[in-house]
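Novice: make a model of this:
(one chain, ligands or ions: 1)
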Amino acid sequence: MTIKTVQPLIPTAENPWFVSVNQLKEWDKCHAQFYYKTVLKQRWLSDESNFELGKAVHALMDLNAKGMPTKHLRVGLKPNILAHFDALVEHPLAKAPVVASEYAFYLPFQVEGFPHITLTGRIDRLSLYNGTLAIIDWKTGTAVPHDYATAWQTRLYSYAIWQMRNALGVEASLGMHFYYVDVRTNRQPAVKVYTVAIDADYIAETEGLLKQVLTRILAEKRFALPSACPDKYCRFSQVCGINPETTAQLPLFGLPQGVGKPCYSV
Ligand code: SF4
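Specialist: Numbers count the residues shown, from 1 in each chain. Take a look at the predicted model:
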């Protein structure tokens, strides 16, 4: 089944494309979901309580990285949040010298014929650990990707930091590792670390993959639905065509002028 549209993704100076990990994951998962979210920029409200633990722990870890006191903030915080923070902050990776915390990057990326593309993301922490530069991602609720060595998050963040080592004041000769630090206080040990060594070959491979997938996306004019929906929480199920019986009855939004109604084919 395919959703047809005449609105491709065309980055311009006024409307550049900021490429994120989530977009790349959405493209891999479902081209139609990518179309709704990235091309049409459709969003929906999410339940903020789902993010309470992660947001609070990341904020505390950021204060910790900057040498700010956190003791006075403990009053009133939920025991679950404190338990996760206390477990993380005792790990050697959290005690390593900090290069940057909550580091947002914007890195221009060249795709032939499309000059207005920027890679973007926010990295939880950069540290000097075991003689190499550590790119650290605290996992406080969402799972570590099962293919973490080749996941888009590992690739995109590593590629950006590799290119920005000079700007960060890090010597290019220093090695680099990506660390997913997964904390769950209902198991032993509470903290598990997943490590990926990053080298020039990995970065070259990543650059090639990024060029390949971005070129493919920019050439896309039909956004195919998968044979089965891969995301049971996706709110576009009412409009994408995967459920034909609800699609016609409950449109959540209209397509932009000139696009016309999506047409579905099997
Ligand atoms: S509901 Fe499923 S098939 Fe439809 S856009 Fe979302 S992820 Fe894709």
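Novice: what about the chain, any weak spots by pLDDT?
Specialist: With pLDDT under 70 as the threshold, the chain has low-confidence stretches at 1-6, 246-266.
Novice: can you pull the residues of it lying near the ligand?
Specialist: Counting by CB under 6 Å from any ligand atom, the positions of the chain adjacent to the ligand are 30, 32-33, 225-226, 229-231, 234, 236-237, 240, 242. Yep, even glycine has a C-beta here, placed from its N, CA and C like the rest.
Novice: by neighbour count, which of the residues you listed wins?
Specialist: Sorting the residues of the chain next to the ligand by how many neighbours each has (other CB atoms under 10 Å) puts A32 first, at 26 neighbours.
Novice: pretty sure that one is in contact with S237, am I right?
Specialist: No: here A32 lies out of contact with S237, judged by CB atoms under 8 Å, at a distance of 10.1 Å.
Novice: buried sites along the longest helix seen in the chain?
Specialist: The longest helix of the chain (DSSP state H) is helix 200-218. Residues of helix 200-218 classed as buried under the neighbour-count rule (16 or more other CB atoms under 10 Å) are Y202, I203, T206, E207, L210, V213, L214, I217, L218.
Novice: could you do stretch 179-187 as well?
Specialist: Of all the residues in stretch 179-187, those buried under the rule 16+ other CB under 10 Å are Y179, Y180, V181, D182, V183, R184, T185.
Novice: how about stretch 157-170?
Specialist: Of the residues in stretch 157-170, those buried under the neighbour-count criterion (16+ other CB under 10 Å) are Y157, S158, Y159, A160, I161, W162, Q163, R165, V170.
Novice: how far out from the middle of the chain is it?
Specialist: Counting by CA atoms, centre = their mean, to the nearest Å, stretch 157-170 is centred 18 Å from the centre of its parent chain.
Novice: and the residue of the stretch 51-200 of the chain found nearest the ligand, how many neighbours?
Specialist: Of all residues in the stretch 51-200 of the chain, W152 sits closest to the ligand, with a separation of 16.9 Å (CB to the nearest ligand atom). Per other CB under 10 Å, the neighbour tally for W152 reads 23.
Novice: and the strand ranked longest in the chain, which strands flank it?
Specialist: The strand spanning the most residues in the chain, taking DSSP state E as the definition, is strand 117-129. On the basis of DSSP bridges, the sheet neighbours of strand 117-129 come out as strand 17-19 (parallel), strand 98-108 (antiparallel), strand 132-139 (antiparallel).
Novice: quick one, the longest helix of the chain and strand 117-129 angle?
Specialist: Orientation note: helix 200-218 sits at an angle of 150 degrees relative to strand 117-129 (axes from the mean of the first three to the mean of the last three CA atoms, to 10 degrees).
Novice: run the chain-centre distance for the next helix or strand after helix 200-218.
Specialist: Stepping forward along the backbone from helix 200-218, the first helix or strand reached (DSSP states H and E) is strand 222-224. Distance, stretch centre to chain centre, for strand 222-224: 22 Å (CA atoms, centre = their mean).
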